[in-house]
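Colleague: sequence first, then the predicted structure, then my questions.
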Amino acid sequence: MPFTIAIDGPAASGKGTIARALAQHFGFAHLDTGLLYRAVGAKGGDPVAAARGLAPGDLARDDLRSAAAGQAASRVAAIPEVRAALVDFQRRFAGGEPGAVLDGRDIGTVICPEARLKLYVTASDQIRARRRALELGADEAEMLRELRERDARDAARDVAPMRPAEDALLLDTSEMTIDEAVARAIDAARRAGA
Ligand SMILES: Nc1ncnc2c1ncn2[C@@H]1O[C@H](COP(=O)(O)OP(=O)(O)O)[C@@H](O)[C@H]1O
Ligand SMILES: Nc1ccn([C@@H]2O[C@H](COP(=O)(O)OP(=O)(O)O)[C@@H](O)[C@H]2O)c(=O)n1
């Protein structure tokens, strides 16, 4: 049985940083599922057709990390047929040996409800906005508005809303360095049997 780790949480909470570090530490594969939605949003046209026809090249675009791409992702991510088109790929990825780490919004609740470890990573709105502003070289107040708008949409949608799984371990990284947050996650994965 592959060891699957599900990591969810709001925008710029540190999910991807922790997921990459866990994958590297345990020799697991990592899938940033947000990139799938960003690629669908960036393709333009009919989002359902874009999701059904998503190809590896679509994920290699260099404009997917922008705030605009995040907003577009969050809009297409509320469409049930878009989400449905991406489920099989994510589940196949999660089933790879010896293990996989997936980060997103619905990994612990919908994509991998049987994951061996579920983390829900958070940080205060202000701290997330500061980190994302630093990362993108953008304005902090603008980032704060953008993150809040996206989080509200992601949490309120009918299909696969952003929320912690009942058995998720909550990790608030507001007061943690990256090294501290990663150490906590590695510790949790070890205790879960990784
Ligand atoms: N604990 C932390 N302390 C300081 N900066 C962090 C921490 N965790 C992540 N970061 C930084 O914050 C930004 C967002 O982190 P990221 O892992 O991309 O978040 P997410 O995947 O949740 O959007 C990145 O620039 C990352 O380097
Ligand atoms: N599993 C996922 C991953 C992302 N998403 C959507 O995709 C958007 C971008 O996700 P992301 O993880 O790349 O965003 P950040 O947390 O990196 O800012 C989110 O705001 C969600 O709307 C989703 O609905 N489900």
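Modeller: On my side now, so go ahead. Ligands and ions are numbered 1, 2, ... in the order given.
Colleague: so what's the closest residue to Asp172 other than its chain neighbours up against?
Modeller: Excluding the flanking residues, the one nearest Asp172 by Cβ to Cβ, 6 or more residues apart in numbering is Thr122, at 5.1 Å. Where C-beta positions appear, they are placed from N, C-alpha and C, glycine not excepted. By Cβ atoms under 8 Å, 6 or more residues apart in numbering, the contact set of Thr122 is Gly9, Pro10, Ser13, Leu170, Leu171, Asp172, Thr173, Ser174.
Colleague: whichever of those end up buried, select them in PyMOL.
Modeller: Written as a PyMOL command, the selection of buried residues from the contacts of Thr122, which uses 16 or more other Cβ atoms under 10 Å, is:
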select buried, resi 9+10+13+171+172+173
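Colleague: briefly note if the top helix by length along the chain comes near ligand 1.
Modeller: The residue-count maximum for a helix in the chain (DSSP state H) belongs to helix 140-156. No: contact between helix 140-156 and ligand 1 is absent, the nearest approach being 9.3 Å (criterion: Cβ under 6 Å from any ligand atom).
Colleague: whichever helix or strand comes after that helix and ligand 1 in contact?
Modeller: Following the chain from helix 140-156 toward its C-terminal end, the next helix or strand by DSSP states H and E is strand 169-172. No: on the criterion Cβ under 6 Å from any ligand atom, strand 169-172 is out of touch with ligand 1, staying 9.6 Å away.
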